[in-house]
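Engineer: Sequence unavailable; structure follows:
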């Protein structure tokens, strides 16, 4: 059974610092991995989707890497801003089947 | 762009009451999903519909039923609500069952007393 872990559960950084968020998964037989952002009381917003054949995906200040063999993905957010404060979740889709397994999320606070 | 719309946003029920959560998407997606989110448990799949006319159980289907009314709409019904069903419920959709990004609604916060 796939298990997805995000450590740390919470992170606080000063504005301007780069953010590094981790996602680990136990079964490397994945189809893709998706990063989401969730603001308090809101739904999840898709940030990046990385296919299993890709090593990284970029969108603006966001860059996500994937190392399938070691079961890791990292989300980098450059030059963090207070508006980046939110919970970030990763979700893994298996190679067989289409049910996502979600990590528990990392709650980020960017201090002005 | 509405995306995925859920109603109601908030609901309080008494134990044993029934209710239906409604979800509609306007992105012409084939697959739709219902999740629940609980502190410490993360997001768990309740039911999903890979395409119009099909539904399948997820991780935690007990106590729930679903209906894929048409391509746009996917409803979740609680027949006899229990306090353990107090949660935030999210509907999501994806263009195809086996590819593409998952898009979420804003959530429905349900409290069962």
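Structural biologist: That came through, no problem. On a predicted model such as this, the values are computed, not experimentally measured, just so you know.

Engineer: near chain B, which residues of chain A?
Structural biologist: For chain A, the contact set with chain B under CB under 8 Å from any CB of the partner chain comprises A:31-32, A:34, A:36, A:41-46, A:49, A:89, A:91, A:98-100, A:102-105. C-betas here are computed from N, CA, C, even on glycine.

Engineer: at 6 Å instead, please
Structural biologist: A:42-44, A:46, A:49, A:98-99, A:102, A:104 (CB under 6 Å from any CB of the partner chain).

Engineer: Work out for me the element residue B:66 sits within.
Structural biologist: strand B:64-68 (DSSP states H and E).

Engineer: Strand partners (parallel or antiparallel) of the very next helix or strand once past that strand?
Structural biologist: Downstream of strand B:64-68, the next assigned helix or strand under DSSP H and E is strand B:74-78. Using DSSP bridges, the strands paired with strand B:74-78 are strand B:19-25 (antiparallel), strand B:64-68 (antiparallel).

Engineer: Can I get these in CSV including distance to residue A:83, mean pLDDT and mean neighbour count?
Structural biologist: As requested, the strands paired with strand B:74-78 are exported to CSV (distance: least, CB to CB, whole Å; pLDDT from 0 to 100; neighbours: other CB atoms under 10 Å in any protein chain shown):
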stretch, distance to residue A:83, mean pLDDT, mean neighbour count
strand B:19-25, 27, 97, 19
strand B:64-68, 36, 97, 18
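
Engineer: Which residues does the strand holding residue B:66 contact?
Structural biologist: By CB atoms under 6 Å, 6 or more residues apart in numbering or on different chains, the residues outside strand B:64-68 that reach it are B:46-47, B:49, B:52, B:55, B:74-77.

Engineer: Now for the residues you listed, which sits with the most neighbours around it?
Structural biologist: Most neighbours among the contacts of strand B:64-68, by other CB atoms under 10 Å in any protein chain shown: residue B:74, with 29 neighbours.

Engineer: now the nearest residue to residue A:68 once chain neighbours are set aside: how far from chain B?
Structural biologist: Closest residue to residue A:68 in three dimensions, ignoring its sequence neighbours and counting by CB to CB, 6 or more residues apart in numbering or on different chains: residue A:28, at 5.1 Å. Residue A:28 sits 18 Å away from chain B, going by CB to the nearest CB, to the nearest Å.

Engineer: Alright, I will stop here.
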